[in-house]
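Peer 1: what's the 3D shape of this:
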Amino acid sequence: MIWITKKFDELSTQELYAILRLRSEVFVVEQKCVFQDMDNKDQFCFHLLGWSSNDLVAYTRLVPPGISYEQPSIGRVVTSPLVRSAGIGKALMEKSIEETERLFGSLPIRIGAQVYLTKFYNSLGFKQSSDIYDEDGIDHIEMIRQPIS
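Peer 2: This next block holds a predicted model:
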């Protein structure tokens with residue numbers, strides 16, 4: 001796995017296409033969730049790409065403080081169906097946490113998580129910080145991870 005972090009303006013057209021294709025494949029087609037993926041936040045974010053051979057198989061959007069939440073955030077967490085059950089999701093989140101701390105400092109990280117992934121995010125140090133809410137027809141909760149001293 002090759003990990004690359006880039007600002008939006010540094011992405012090539014091929015990289016941007018791969019990101020949008022993977023996000024659409026999973027969020028729109030697989031999860032059957034019709035929503036506006038392009039939300040005018042990508043331009044302000046960093047993008048973590050996980051490549052295997054020439055395929056984008058893992059991705060997150062690293063959101064600076066003040067864009068989605070007061071704290072930095074990790075969003076659009078997605079792995080390709082081709083690599084599920086291979087531990088890529090955990091590696092992706094560990095790398096995302098590492099990169100978020102490198103970019104924005106040792107701050108709490110807030111995420112909006114699908115409820116069924118609560119245990120997964122708990123294992124990475126995130127704790128539930130809101131009631132369940134509906135986002136695009138899927139139950140979500142906010143979770144926060146305090147920096148480890």
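
Peer 1: and residue 138, what are its phi and psi?
Peer 2: The phi/psi pair for residue 138 (degrees, to the nearest 10) reads phi -120, psi 130.

Peer 1: now do the one 3 residues further on
Peer 2: Listed backbone geometry of residue 141 is phi -140, psi 150, with angles given as degrees, to the nearest 10.

Peer 1: Which residues are in contact with it?
Peer 2: 112-113, 115, 118, 128-133 (Cβ atoms under 8 Å, 6 or more residues apart in numbering). Bear in mind the C-beta positions are built from the backbone N, C-alpha and C, glycine included.

Peer 1: Show the model's pLDDT score for it.
Peer 2: In this model, residue 141 is scored at 97, pLDDT.

Peer 1: go on, residue 112?
Peer 2: Reported pLDDT for residue 112: 95.

Peer 1: Equivalent analysis for residue 26, please.
Peer 2: pLDDT, read off for residue 26, is 84.

Peer 1: Not counting its neighbours along the chain, what's nearest residue 65?
Peer 2: In space, and not counting its chain neighbours, residue 65 is closest to residue 72: 5.1 Å by Cβ to Cβ, 6 or more residues apart in numbering.
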